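> fold the stuff below for me.
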Amino acid sequence: MTQPPHDEPTASSPDELREQVEQTREELGQTVEALAAKTDVKARAQEKAAEVKDQAAAKAGELKEKAAELAHQAHDKLPDPVKDKAAQAAEQARAKAAQAGRMWQETAPEPVRQKTARGARLAQDNRKLLLASAAVAAAVWLACRRRKG
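Next up is the predicted model:
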């Protein structure tokens, strides 16, 4: 028979011995579970990927807010004629996009249409940012055009 470790008292009754055995089993089970979790590379990789994905989504949200703020500030600094031209350009772009969308619906295969629809929903969700970006682009274009002329 083996001697118990020096730091653990010996059992004085069979009930105490059973209790010690049960506690040892629980501790051993927890240890095995912890070791199994450490060796499960796939699960650890998935956890890490989810963590990185969450961090990237948070950073993207911050950048999106900052870009929207900067675009809004740039739009506010534009003279009224430029704002009007940007609004006209945006309206023309919407009309052309609607026309292209109708043609697309008639000719594109279903899987491609589904992916395109997802992208269109994303653009609609970020409409203000896109319009502000278009206004800034129009202002830059007009400024460059005035310098050349």
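
> please parse this structure into its domains.
14-77, 79-149 (automatic domain parsing).

> quick one: mean pLDDT for the last one?
With pLDDT averaged residue by residue, domain 79-149 scores 80.

> centre of the chain to that domain, how far?
24 Å (CA atoms, centre = their mean, to the nearest Å).

> repeat that for the shortest one.
Relative to the centre of its chain, domain 14-77 is centred 16 Å away, using CA atoms, centre = their mean.

> rewinding a little: how about the domains of the chain in CSV, adding mean neighbour count?
To be clear about C-beta, it is placed using only N, CA and C from the backbone, and glycine gets the same treatment. As requested, the domains of the chain are exported to CSV (neighbours: other CB atoms under 10 Å):
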stretch, mean neighbour count
domain 14-77, 11
domain 79-149, 12
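
> so how far is residue 37 from the residue nearest the centre of the chain?
A centroid search over the chain (CA atoms, centre = their mean) returns residue 57, at 2.9 Å, as the residue closest to the centre. Distance, residue 57 to residue 37, using CB to CB, to the nearest Å: 25 Å.

> regarding this structure, what is its longest helix?
helix 41-77 (DSSP state H).

> model confidence for the residue nearest to the centre of the chain, exactly?
The predicted local confidence for residue 57 is 83.

> could you report the separation of it from residue 72?
Taking CB to CB, one finds residue 57 at 23 Å from residue 72.

> what's the helix or strand hosting residue 18 packed up against?
Residue 18 belongs to helix 14-39 when elements are defined using DSSP states H and E. Other helices and strands packing on helix 14-39, by 3 or more CB pairs under 8 Å, 6 or more residues apart in numbering; DSSP states H and E, are helix 41-77.

> what packs against the longest helix of the chain?
If you count contacts as 3+ CB pairs under 8 Å, 6+ apart, helix 41-77 packs onto helix 14-39, helix 127-148.

> out of those helices, which gets nearest to residue 114?
helix 127-148 (21.0 Å; CB to CB).

> contacts for that closest one next, please.
Helix 127-148 is contacted from outside by 64, 67-68, 71-72, 74-75, 78, 82-83, 85-87, 89-90, 93, 123, using CB atoms under 8 Å, 6 or more residues apart in numbering.
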